[in-house]
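**Student:** one predicted model, sequence on top.
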Amino acid sequence: MKENIILTKSYEFAVNSLKSVRILDKSIENYVLVKQFIRAATSIGANIEESQGGESKKDFVHKLNISYKEAKECKYWIRLIKGSQLKNDNDIKIFDSLLKDADELCRILYKIINNSKS
């Protein structure tokens, strides 16, 4: 069976996101940021997975649109975490990598959504 790149990449993004937040301290403000970020990061793949069983093309596109919006939201949370919490160069590199991955997910999802509307 052929690998579904968007399913694989969204799953890896969720796993990497969960692992990355372990480096943050356990302050109250980080709790709020991490909770929002992880909800969005794990929602991307969940909605993509759900889209695979869509009842119609419209349902398929709707679920992917949700994933796209969640990926855009992740970019915001990552930038906020980087700007307000990170000082160590290695930690910044981890979140830079996540930001790059979120951007890649956005670009792939955007292309799939536009091609599906045609």
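**Tutor:** Arrived safely, thanks for sending.
**Student:** from here on, just use CA atoms for contacts and neighbour counts.
**Tutor:** OK.
**Student:** how about low-confidence regions in the chain?
**Tutor:** The model of the chain has pLDDT under 70 over residues 1.
**Student:** now residue 20: closest residue in space, sequence neighbours ignored.
**Tutor:** Counting by C-alpha to C-alpha, 6 or more residues apart in numbering, residue 20 lies nearest to residue 94, which is 7.0 Å off, once chain neighbours are set aside.
**Student:** could you say which helix or strand holds the one you found?
**Tutor:** Taking DSSP states H and E as the definition, one finds residue 94 inside helix 89-117.
**Student:** what do you get for residue 49?
**Tutor:** helix 28-51.
**Student:** just the buried positions in the next helix or strand after that helix, please.
**Tutor:** Going down the chain from helix 28-51, the next helix or strand is helix 57-85, by DSSP H and E. For helix 57-85, burial by neighbour count (16 or more other C-alpha atoms under 10 Å) applies to 60-68, 70-75, 77-78, 81-82, 85.
**Student:** next, the angle from helix 57-85 to helix 28-51.
**Tutor:** In terms of direction (axes from the mean of the first three to the mean of the last three C-alpha atoms, to 10 degrees), helix 57-85 departs from helix 28-51 by 160 degrees.
**Student:** run the chain-centre distance for helix 57-85.
**Tutor:** Distance, stretch centre to chain centre, for helix 57-85: 6 Å (C-alpha atoms, centre = their mean, to the nearest Å).
**Student:** please apply the same query to stretch 96-114.
**Tutor:** From the chain centre to the centre of stretch 96-114 is a distance of 8 Å (C-alpha atoms, centre = their mean).
**Student:** only C-alpha atoms, please: export that stretch in CSV.
**Tutor:** The C-alpha atoms that make up stretch 96-114 are tabulated as CSV, following Å, rounded to 0.1, in the frame of the first residue of the first chain:
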residue,chain,number,x,y,z
ASP,A,96,12.3,26.3,14.6
SER,A,97,12.1,22.7,13.2
LEU,A,98,8.5,22.4,14.4
LEU,A,99,7.7,25.8,12.8
LYS,A,100,9.2,24.5,9.5
ASP,A,101,7.1,21.3,9.8
ALA,A,102,3.9,23.2,10.5
ASP,A,103,4.5,25.4,7.5
GLU,A,104,5.1,22.4,5.3
LEU,A,105,1.8,20.8,6.6
CYS,A,106,0.1,24.1,5.7
ARG,A,107,1.5,24.1,2.2
ILE,A,108,0.6,20.4,1.6
LEU,A,109,-2.9,20.8,2.9
TYR,A,110,-3.5,23.9,0.9
LYS,A,111,-2.5,22.1,-2.3
ILE,A,112,-4.7,19.1,-1.5
ILE,A,113,-7.7,21.3,-0.6
ASN,A,114,-7.4,23.3,-3.8
